[in-house]
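A.B. asks: Okay, predicted coordinates and the sequence, questions at the end:
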There are 2 protein chains.
Amino acid sequence: MKPRDENKIERIYKATLKLVTATGLAGITMQAVAKEAKIATGTLYIYFENKESLIVALFHECIKNSQGIFFRNYDINAPFKVGFQTIWSNVLQHRISRFDESLFMEQCFHSPFIDEQTKIEAKKIFEPLRDLLVRGKKEHLIKDIDNFWLITFMIGNINEIAKRANYFNKKLSPDVKYLNFQLCWDGIKA
Amino acid sequence: MKPRDENKIERIYKATLKLVTATGLAGITMQAVAKEAKIATGTLYIYFENKESLIVALFHECIKNSQGIFFRNYDINAPFKVGFQTIWSNVLQHRISRFDESLFMEQCFHSPFIDEQTKIEAKKIFEPLRDLLVRGKKEHLIKDIDNFWLITFMIGNINEIAKRANYFNKKLSPDVKYLNFQLCWDGIKA
DNA sequence: TACTTAGATGAATATAAATTCATTTATCTT
DNA sequence: AAGATAAATGAATTTATATTCATCTAAGTA
């Protein structure tokens, strides 16, 4: 038998992300994906049952990728601010280096493809961050505000940096990253 | 001759926004819009040349609506913090009360429907805010950081509050608004 | 009141996109 | 090396969606 070309799924994902970045979820077609991935349209259906399952599979892949990055080098025993800054940097790093995946996930959240249950699952990524924030409040290092709003503040901040950096083609030097972190930190600190 | 029912355009816009909120730009069809607006599909084409021009027209309508709200009650001669808080509140108010419009505009930015020139035009809304921030820096009230990042910080903050408030069905009481403004203000203040 | 004009309708048509499938190709097994 | 098996292809088919148009309706005008 002929074995599968195991790079093909990767190629299909890449192609889909590229097209979604260019034209949005509304603009992609299976033919365009196939062409971009340099395979025949029929081949898509060997790897994915249909368009919806391609998108759902890619969504889960993106979630998995982000999990691997968000808590990299995060030491639960490090001082609060160190841990917080590590996660902040990781999430920003993720949004920048995998901008197309971030955009794709965001569009999926408001599409007919992803069901409610999946959305709820996807939110659980941030559990360790919640624990850290509780600790920060106990240690009186940050404002005593509901985690919900602290995370809203932090994530909103990071998402917009990534979006506008990408959109306006801004380079995120260490200085610029530091300055942005400072805005976020001064906001939440006690 | 039979006159146009001038409420019809409004009904079509409402229907489109409702559907985009529910299923994203990727999910809408002209038939669904017509059904939601309780008119015949053919009637859509009396008011709009085609699907694209419906979306483009609605996009411009949304931009216009936001302009009217962002600088309401904004007094250019008021103290810096007052002016800043007025704009912050207005933008948040807009994002909340016209959440569907905000979502629609955001999706349009990454869709095949809106061209580059239109996107650039749409960004000009915030001009008066830029002037205010320059003044705040001159008066040493806020950090001496490029406007680009200050606006990124402020808008990212507001957008995420609106999104998560909507998504998790959170009520934004004056207390919660104040607490969120405090996070933003402590971030940018000198 | 009869006539004219433009809006409204929704079934019919055109177009575009998703999906299938007969055929070809590549690799493995014996 | 021949046969078996599954991948790959892309044209053909099906399905979905955009758009048109013959017909009807309502309001204005003479």
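C.D. replies: Yep, it's here.
A.B. asks: Pull out the buried residues from the helix or strand of chain A with the lowest mean pLDDT.
C.D. replies: Every helix and strand of chain A was ranked by mean pLDDT, DSSP states H and E. The lowest is helix A:116-123, at a mean of 88. Using 16 or more other Cβ atoms under 10 Å in any protein chain shown as the test for burial, helix A:116-123 gives A:T118, A:A122. To be clear about C-beta, it is placed using only N, CA and C from the backbone, and glycine gets the same treatment.
A.B. asks: Name the nearest residue to A:S66, sequence neighbours excluded.
C.D. replies: With Cβ to Cβ, 6 or more residues apart in numbering or on different chains as the criterion, A:S66 has its nearest non-adjacent residue at 5.6 Å, and that residue is A:H94.
A.B. asks: burial count for that neighbour?
C.D. replies: 21 (other Cβ atoms under 10 Å in any protein chain shown).
A.B. asks: again, but for A:K8
C.D. replies: If we define neighbours as other Cβ under 10 Å, then A:K8 has 16 of them.
A.B. asks: Enumerate every residue touching the residue nearest to A:S66.
C.D. replies: A:N65, A:S66, A:I69, A:F70, A:S102 (Cβ atoms under 8 Å, 6 or more residues apart in numbering or on different chains).
A.B. asks: And the residue of chain A closest to DNA strand D?
C.D. replies: A:G42 (1.6 Å; Cβ to the nearest atom of the strand).
A.B. asks: Could you report the pLDDT at that residue?
C.D. replies: We have a pLDDT of 97 for A:G42.
A.B. asks: Report all helices and strands that the helix or strand harbouring it contacts.
C.D. replies: Assessed by DSSP states H and E, A:G42 sits inside helix A:41-47. The helices and strands touching helix A:41-47, judged by 3 or more Cβ pairs under 8 Å, 6 or more residues apart in numbering or on different chains; DSSP states H and E, are helix A:7-23, helix A:30-36.
A.B. asks: helix or strand right after it?
C.D. replies: Next along from helix A:41-47, by DSSP H and E: helix A:51-70.
A.B. asks: leaving aside the residues next to it on the chain, what's closest to the residue nearest the centre of chain A?
C.D. replies: In chain A, the centroid-proximal residue (Cα atoms, centre = their mean) is A:S102; its distance is 4.1 Å. Closest residue in space to A:S102, ignoring its immediate chain neighbours: A:R95 at 5.0 Å, by Cβ to Cβ, 6+ apart.
A.B. asks: contacting residues for that neighbour?
C.D. replies: Going by Cβ under 8 Å, 6+ apart, A:R95 touches A:S102, A:I158, A:N159, A:I161, A:A162.
A.B. asks: Who's the closest spatial neighbour of the last one, skipping the chain neighbours?
C.D. replies: By the measure of Cβ to Cβ, 6+ apart, the closest residue to A:A162 outside its immediate chain neighbours is A:R95, 3.4 Å from it.
A.B. asks: A:E61 now?
C.D. replies: Nearest to A:E61 is A:Y13, by Cβ to Cβ, 6+ apart, at 6.3 Å.
A.B. asks: SS state for A:K2?
C.D. replies: Recorded secondary structure, A:K2: coil (DSSP: H, G, I helix; E, B strand; the rest coil).
A.B. asks: That concludes my questions; thank you for your assistance.
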